[in-house]
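Participant: Give me a 3D structure for the following:
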Amino acid sequence: MYGTYLFGLREGLAAGLVVCLLAAYVVRAGRREALAPVLTGAGAAAGLSLALGAALESGSRELTPEARALVGGSLSIAAAGLVTWAVLRLRRPGRGAVGAGTGVLAAAAFLMVGREGPEASLFVGEAVRAAVPSGPGSSFQPLVWVLLGLLTAALLCLLLHRAVLRAGPARFFPWAGGLLVVAAAGVLADGVRGLQEAGLLGGPAEAAFDVSAAVPPESWYGALLEGSLGLRPDPTVLQVTVWALYPVPALALLLAPIGSGPSARVKKQKATDETAEGGASAGTTS
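Facilitator: Okay, the predicted model is just below:
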């Protein structure tokens with residue numbers, strides 16, 4: 001049953017870690033009105049996943065491993081893009097924070113939770129079926145252990161949310177934004193692997209390395225690392241490449257001084273030219 005607990009812990013962290021960080025980011029950016037849609041999006045995805053699991057368990061058809069990899073991979077890639085976009089928009093006070101639409105934030109939370117839906121719903125569905133008193137082999141233990149794992153993950157996410165909010169204003173956005181970007185990179189890499197497993201994405205599919213002996217997937221620290229960083233002990237070459245390269249431009253944009261982009265330079269040059277023209281006109285008039 002320990003493996004069932006770790007499954008709940010791993011899936012709960014994978015679904016909730018970015019959501020709790022995004023919620024803290026929204027609060028600190030002064031967008032408390034967007035907090036309810038973020039939580040609603042996450043809750044809707046969890047409910048939809050449970051409904052999907054119930055439908056698959058009660059029906060005669062089930063998702064193939066390729067279909068699960070395709071759905072999870074596609075949702076992961078979309079979620080990583082939305083989370084990164086929201087982080088870059090919310091770091092700007094005033095109009096920049098308003099530019100991060102509530103719908104986009106809710107969609108990011110929905111996709112972050114929903115990407116784990118196909119896998120988690122089937123597992124929870126099996127645990128529920130095992131708990132049904134239909135014979136001598138029925139047992140509530142699988143359901144209890146997977147729920148304990150999910151509750152542990154929820155507690156860890158809540159603690160991280162509160163710890164991040166305690167950071168000072170000067171350090172909050174760089175640190176919290178950096179954590180979100182790194183987490184988004186793991187989500188993106190996980191999505192790439194999902195598309196590789198579904199046969200829709202080529203690239204190097206062999207394992208870049210295998211640290212299963214040092215970090216066993218069935219260990220608690222293996223579950224924590226996979227759930228938080230999105231990397232398995234045997235990631236593919238393409239997966240590691242994406243995870244390593246994606247944060248570089250995202251962090252560069254995040255840490256760049258606000259107002260230092262091309263548009264700001266154009267406005268500054270235009271103001272300088274107008275000042276020079278005004279001075280020249282004044283000199284001619286005198």
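Participant: Which SSE is immediately downstream of the worst-scoring helix or strand of the chain on mean pLDDT?
Facilitator: Ranked by mean pLDDT, DSSP states H and E, the weakest helix or strand in the chain is helix 95-99, scoring a mean of 48. Following helix 95-99 in sequence order, the next helix or strand is helix 102-114 (DSSP states H and E).
Participant: Extract the CA atoms of that following helix and return them as PDB.
Facilitator: Taking C-alpha atoms only, helix 102-114 is exported to PDB below (Å, rounded to 0.1, in the frame of the first residue of the first chain):
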ATOM      1  CA  THR A 102      -8.500  36.000 -15.400                       C
ATOM      2  CA  GLY A 103      -9.600  33.400 -18.100                       C
ATOM      3  CA  VAL A 104      -6.000  32.700 -18.900                       C
ATOM      4  CA  LEU A 105      -5.100  32.200 -15.200                       C
ATOM      5  CA  ALA A 106      -8.100  29.900 -14.700                       C
ATOM      6  CA  ALA A 107      -7.200  27.900 -17.800                       C
ATOM      7  CA  ALA A 108      -3.600  27.500 -16.700                       C
ATOM      8  CA  ALA A 109      -4.800  26.100 -13.300                       C
ATOM      9  CA  PHE A 110      -7.300  23.900 -15.100                       C
ATOM     10  CA  LEU A 111      -4.600  22.400 -17.400                       C
ATOM     11  CA  MET A 112      -2.100  21.900 -14.600                       C
ATOM     12  CA  VAL A 113      -4.500  19.700 -12.800                       C
ATOM     13  CA  GLY A 114      -6.200  18.200 -15.800                       C
END
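Participant: and that helix, what other elements does it pack with?
Facilitator: Contacts defined by 3 or more CB pairs under 8 Å, 6 or more residues apart in numbering; DSSP states H and E place helix 102-114 against helix 2-28, helix 35-58, helix 65-90. For every residue, glycine as well, the C-beta is placed using N, CA and C.
Participant: who does the longest helix along the chain touch, helix- and strand-wise?
Facilitator: Taking DSSP state H as the criterion, the chain has its longest helix at helix 169-197. Applying 3+ CB pairs under 8 Å, 6+ apart, one finds that helix 169-197 makes contact with helix 2-28, helix 65-90, helix 141-165, helix 220-229, helix 237-245, helix 247-255.
Participant: got the angle for the first one vs helix 220-229?
Facilitator: It stands for helix 2-28. Per axes from the mean of the first three to the mean of the last three CA atoms, to 10 degrees, the angle that helix 2-28 makes with helix 220-229 is 40 degrees.
Participant: could you give the angle of helix 2-28 to helix 35-58?
Facilitator: When the same axes, to 10 degrees is applied, the directions of helix 2-28 and helix 35-58 differ by 160 degrees.
Participant: what about helix 2-28, distance to the chain center?
Facilitator: From the chain centre to the centre of helix 2-28 is a distance of 9 Å (CA atoms, centre = their mean, to the nearest Å).
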